[in-house]
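*Asks:* Structure here, sequence nowhere to be found:
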């Protein structure tokens, strides 16, 4: 037999690889979801989605004083309860969003997110009464709920270093908070509060169009995919971790919601000589958020080298003395303390998403994340609605003492976390 004939015979008779094997799954997955320009487009647009998600949720808090005057409210605090619907639905709808992300597909859910958030935010800019605005914000919360249980699992699925990937994603989300402060302040001062909703709404729709054009279709839903390196955790330990994860998320979200929704008015009170200048106050707050956002890069890098508990416990513990200092300072000293405080508030954000990656297999990450947000925001969303009445009754200083106590609870839960599990190697999975 000639050399050419022997080569042809060997190629034709070589057995096909098992499509369910880890060796076959990994290259197929890589080609489908991590290769080339589509992966770069997915990463950019999902990170942009995080920016948009936080931006939309905080436009109202930044523009509330101007909206209150336009709608005839004497104090901004009286208008804050009208935003509670957005945060309630943001928590409640994360549960079905996570389920749909795993069982239907993450790509179509992200399209629903971009277009839904964009249209509902633009509707808020067209409202002519407090009730109409509340309805539009509530609808916006429904669509905003999609991002975290769907977008972040989609992003980290093929990430080699999940910690820094989540840290960079968190940086984008917190830059959204900074953008909300500065862009809303500028738009309110020069074009009115309605533009502050309509312009970001148009941006979200544009991102949705780009996502539809650049991100390829999924071959199957996440729940049906084979996982090359599955995460295997004993059921008892997984239940313990989910309970602790939810506890830290509840207390952490209370701190996050209080600070991000109350910081502008708190800054207005402690820097009272600036008067009613939303553009200047927004720019000052944006500087705080940009500096604080960089903490997530450091935290993400540390999470790739240490267990979650080892990094999380000191970060959340340092919030306690900073809340106490913030309650007892004023002027530019308060501004410096607020900046340091937000470094540790924002630095705590990557922990729960990293716990999901470490302890939960990709096939059910959207459902677990959705459940966490369902419980955490279902409880902590009341903070936003009660923020105005509580500040009106007790003052910001008292509320800062309360937040110090909440941070103590977060620290206690963080200290109880177990060590991270080791991922199962493909060979070990096959042998088992």
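*Replies:* Right, received. Where do you want to start? Note that this is a predicted model, so its numbers are computed, not measured. Numbering: from 1, shown residues only.

*Asks:* what's the spacing between stretch 193-209 and its chain's center?
*Replies:* From the chain centre to the centre of stretch 193-209 is a distance of 19 Å (Cα atoms, centre = their mean, to the nearest Å).

*Asks:* same question for that stretch, mean pLDDT?
*Replies:* Per-residue pLDDT values across stretch 193-209 average out to 95.

*Asks:* What residues sit buried inside the helix or strand in which residue 132 is found?
*Replies:* Per DSSP states H and E, residue 132 falls inside helix 130-144. Taking 16 or more other Cβ atoms under 10 Å as the basis for neighbour counts, the residues of helix 130-144 that come out buried are 130, 133-144. Every C-beta, even on glycine, is put in place using the N, C-alpha and C of the backbone.

*Asks:* repeat for stretch 322-331
*Replies:* By 16+ other Cβ under 10 Å, the buried positions in stretch 322-331 come out as 322-327, 329.

*Asks:* now stretch 42-56
*Replies:* For stretch 42-56, a neighbour-count test (16+ other Cβ under 10 Å) marks 42-43, 45-56 as buried.

*Asks:* Tell me which stretches of the stretch 301-432 of the chain form helices.
*Replies:* Assigned by DSSP state H, counting those that start in this stretch, the helices in the stretch 301-432 of the chain fall at 308-317, 319-327, 331-347, 350-359, 365-394, 396-415, 426-431.

*Asks:* Out of the ones you listed, which is closest to residue 183?
*Replies:* Evaluated over the helices of the stretch 301-432 of the chain, closeness to residue 183 peaks at helix 331-347, with 18.3 Å, by Cβ to Cβ.

*Asks:* relative orientation of that closest one and helix 396-415 in degrees?
*Replies:* Put simply, helix 331-347 runs at 30 degrees to helix 396-415, going by axes from the mean of the first three to the mean of the last three Cα atoms, to 10 degrees.

*Asks:* Let me see the residues that make contact with helix 331-347.
*Replies:* Residues outside helix 331-347 that contact it (Cβ atoms under 8 Å, 6 or more residues apart in numbering): 170, 174, 255-256, 259, 263, 266-267, 270-271, 284, 287-289, 291-293, 295-296, 298-299, 315-316, 318-319, 322-323, 325-326, 329.

*Asks:* could you redo the buried residues of stretch 42-56 as JSON lines and give each row secondary structure and pLDDT?
*Replies:* Conversion of the buried residues of stretch 42-56 to JSON lines gives the following (DSSP: H, G, I helix; E, B strand; the rest coil; pLDDT from 0 to 100):
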{"residue": "42", "secondary structure": "helix", "pLDDT": "90"}
{"residue": "43", "secondary structure": "helix", "pLDDT": "91"}
{"residue": "45", "secondary structure": "helix", "pLDDT": "95"}
{"residue": "46", "secondary structure": "helix", "pLDDT": "95"}
{"residue": "47", "secondary structure": "helix", "pLDDT": "94"}
{"residue": "48", "secondary structure": "helix", "pLDDT": "95"}
{"residue": "49", "secondary structure": "helix", "pLDDT": "95"}
{"residue": "50", "secondary structure": "helix", "pLDDT": "94"}
{"residue": "51", "secondary structure": "helix", "pLDDT": "94"}
{"residue": "52", "secondary structure": "helix", "pLDDT": "95"}
{"residue": "53", "secondary structure": "helix", "pLDDT": "93"}
{"residue": "54", "secondary structure": "helix", "pLDDT": "89"}
{"residue": "55", "secondary structure": "helix", "pLDDT": "91"}
{"residue": "56", "secondary structure": "helix", "pLDDT": "92"}
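
*Asks:* List just the nearest of these to residue 396.
*Replies:* For those, the residue nearest residue 396 by Cβ to Cβ is residue 54; the value is 22.3 Å.

*Asks:* residues in contact with residue 71?
*Replies:* Contacts of residue 71 by Cβ under 8 Å, 6+ apart are 79, 129-130, 133.

*Asks:* Among these, which pair sits farthest apart?
*Replies:* Largest separation among the contacts of residue 71 by Cβ to Cβ: 79 and 129, giving 11.5 Å.

*Asks:* Which one of those two is surrounded by more residues?
*Replies:* With neighbours defined as other Cβ atoms under 10 Å, residue 79 and residue 129 compare such that residue 79 has more, 20 against 11.
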